[in-house]
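> need the 3D shape of this:
(4 chains)
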There are 2 protein chains.
Amino acid sequence: MSDHSKTEHQDARERLLEAALEQFTRCGYAATSVRELCQAAGVTKPVLYYYFKSKEGLYLQLMDESYALLESVLAQLTRFEGHTADRLIHFCCGIYDTAVVMKDKVRLMFSIYFGPPQGAPHYNLERFYDRILEVLDVIIGEGIERGEVRQGNCSDMQWMILSCLNASVEEMLCEAEPRIDRTFIQRMVMMLFSGIGVKSTERSR
Amino acid sequence: MSDHSKTEHQDARERLLEAALEQFTRCGYAATSVRELCQAAGVTKPVLYYYFKSKEGLYLQLMDESYALLESVLAQLTRFEGHTADRLIHFCCGIYDTAVVMKDKVRLMFSIYFGPPQGAPHYNLERFYDRILEVLDVIIGEGIERGEVRQGNCSDMQWMILSCLNASVEEMLCEAEPRIDRTFIQRMVMMLFSGIGVKSTERSR
DNA sequence: GTCTATATTGAGATAGAC
DNA sequence: GTCTATCTCAATATAGAC
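Okay, here's the model as predicted:
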C-alpha cells in the first residue's frame, strides 16, 4: 500500500459502478435517481460528480467497461477443433457460458438494446451480434469446404444458430425457471444437422 | 350522432392512447412526462386524469388493449391445412405479419418484456410465448402422428421454430435495415426439415 | 476528495371556475 | 368535460467549508 488514498478512490469509484449496474438493470436509466445510486454505493452525491462528471458519464463508463469484457471473451473463442457441429457447439456454448457469468451486465445490455432510450445516450450494441455472425460465417464456410455441411444458404444457417443462441440467453435472463438452457444449444445444432423431416426413400434411423 | 359530446370524449381518449403508445415506445415509461403526453395528444393534463385516473392507469389501459389485439389474432391462426411444414410456415408467417401490422405495439411490448420496470406496474407478456408454444406443440404433435415429422424431442423443435420467429420479429423491429424477414421463416422451416448436414456416409451419433 | 446545504427545475397530481 | 392556476415533492446538479 504505497498509496492509501488512491485505493480508497478506486473503492468509491468501483462501488458506484457496481451500484449503477444493479440499479440501471432493476429500474432503468431514467427511473434510477442519483440519490438512490449514491445511497446504494455508500457515498454522497458530490463523489459521483467528482468521478464521473454526471449520471450520463457514469452510465457510459459502465457500458464501455461491460462491452470491452464481452469483446475480450469473444476473442478467446476463435480456436476451432473437430467436426463443424462440435465447433459450432463449442463456440455457442462459450458465448452462453459467458452470458451466465456476466448475467447482470448482459441483462442490462438486453434492456438497453430493446428498450427505449429513456434519456440515456445511445450505445451501439448491435455490433456484438455482427461479430457473432462473422465467426459463424467462418465456421460454416469451412464446414462446407470440408464437406461436413451441405451447400446452401450460409446466411440462413448463421441466423438459425444465432436465433437459438439468442433465445437460450434470453430464457436464461428471465425471472422464471428457464425452459431451455445450454444443453438446448447442443441438441439444436445436432437437430439442425440431421433435420427433423421424414425421408420416405432413404435414411433409416 | 345522437350524442355529440360522447364522440368528442372518445376522440380525446383515443388520442391519448395513441400518444401514449408513441411516447412510451420512444422514451420509455419513466422518461415520458404527463406534460409531453398531453401536448402530443392535444389535450390538457386534467383530461388525462379524468379518463385514466393516472399515468399508470393510461399505461395499463394501453397494454390491455394491445394484448387483447394479439390474442384475437392468435385465435384466428389455428386452422391448419396441408403438410406440417406448410402449417408451421403459415402459422409463423401469420404471427410475423401481425407483428408487422402492429409494429409500434409490438415494439413497446418487447421493450417492456426485456426492459426494467421503470416504475411502471408489471405486465405479464410471457404468456403470449406460452400460447405460441402450445400451438406449435399441436402442429408438430400431429406432424409426428401423420408421419411427416421424425420422432424426437418435440419441445426442442418448438423452441427452434419459436427462436427463429422471435429473431425475425426482433430484426423487423430494429432501426437499421432488417437482414432477415418473413421469407427467412419459410426457408428456416424447410431447412429444419431437410437438415444441413451431409449424409453421404450415414453419420449417426 | 468528501462533506452539508442549497439552488433550480420539472415531475405528477389536483382545486375550482366554467 | 375541459380549462387555468397551483400544490407538493423529488430530481439533477453545484457552492463552498473542511
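> what ranges do the strands span in chain A?
Listed in chain order, the strands found in chain A under DSSP state E amount to none.
> can you report how many residues lie near the residue in it positioned nearest to chain B?
Here the residue of chain A nearest chain B is A:G195; by CB to the nearest CB that distance is 2.5 Å. (C-beta placed from N, C-alpha, C; glycine too.) The number of residues packed around A:G195, counting by other CB atoms under 10 Å in any protein chain shown, is 20.
> A:P121 too?
A count of neighbours around A:P121, defined by other CB under 10 Å, yields 11.
> for it, which non-adjacent residue is spatially closest?
By the measure of CB to CB, 6 or more residues apart in numbering or on different chains, the closest residue to A:P121 outside its immediate chain neighbours is A:E56, 5.9 Å from it.
> distance check, the one you found against B:D97.
Per CB to CB, to the nearest Å, A:E56 is found 39 Å from B:D97.
> contacting residues around A:E14?
Shown here is A:E14, which makes no contacts under the criterion CB atoms under 8 Å, 6 or more residues apart in numbering or on different chains.
> give me that answer again for 10 Å
With contacts defined as CB atoms under 10 Å, 6 or more residues apart in numbering or on different chains, the neighbours of A:E14 are A:A41, A:Y51.
> again with the one 10 residues further on
Contact criterion CB under 10 Å, 6+ apart gives A:30-32, A:37, A:55, A:58-59, A:62-63, A:104, A:107-108, A:111-112, A:118, A:120, B:116 as the residues in contact with A:F24.
> give me the below-cutoff pLDDT ranges for chain A.
Residues of chain A meeting the criterion pLDDT under 70: A:1-10, A:200-205.
> longest helix in chain A, please.
Of all the segments of type helix in chain A, defined by DSSP state H, the longest one is helix A:4-27.
> of the contacts of A:F24, which belong to helices?
Cross-referencing these with the helices (criterion: DSSP H) gives A:L37, A:K55, A:L58, A:Y59, A:L62, A:M63, A:D104, A:R107, A:L108, A:S111, A:I112 as the overlap.
> what parts of chain A come near DNA strand D?
Proximity of chain A to DNA strand D is assessed by CB under 7 Å from any atom of the strand, with A:T32, A:S33, A:V34, A:R35, A:E36, A:K45, A:P46, A:Y49, A:S54, A:K55, A:E56 identified as the residues in range.
> before we move on, back to that, PyMOL command to pick out the buried ones of the contacts of A:F24?
Applying 16 or more other CB atoms under 10 Å in any protein chain shown to those leaves a buried subset, and the PyMOL line that selects it is:
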select buried, (chain A and resi 30+31+32+37+55+58+59+62+63+104+107+108+111+112+118+120) or (chain B and resi 116)
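> residues contacting the residue lying closest to A:M109 once chain neighbours are set aside?
The shortest distance from A:M109 to any residue other than its chain neighbours is 5.5 Å, reached at A:L125 (CB to CB, 6+ apart). For A:L125, the contacting residues are A:M63, A:S66, A:Y67, A:L70, A:M109, A:F110, A:I112, A:Y113, A:F114, by CB under 10 Å, 6+ apart.
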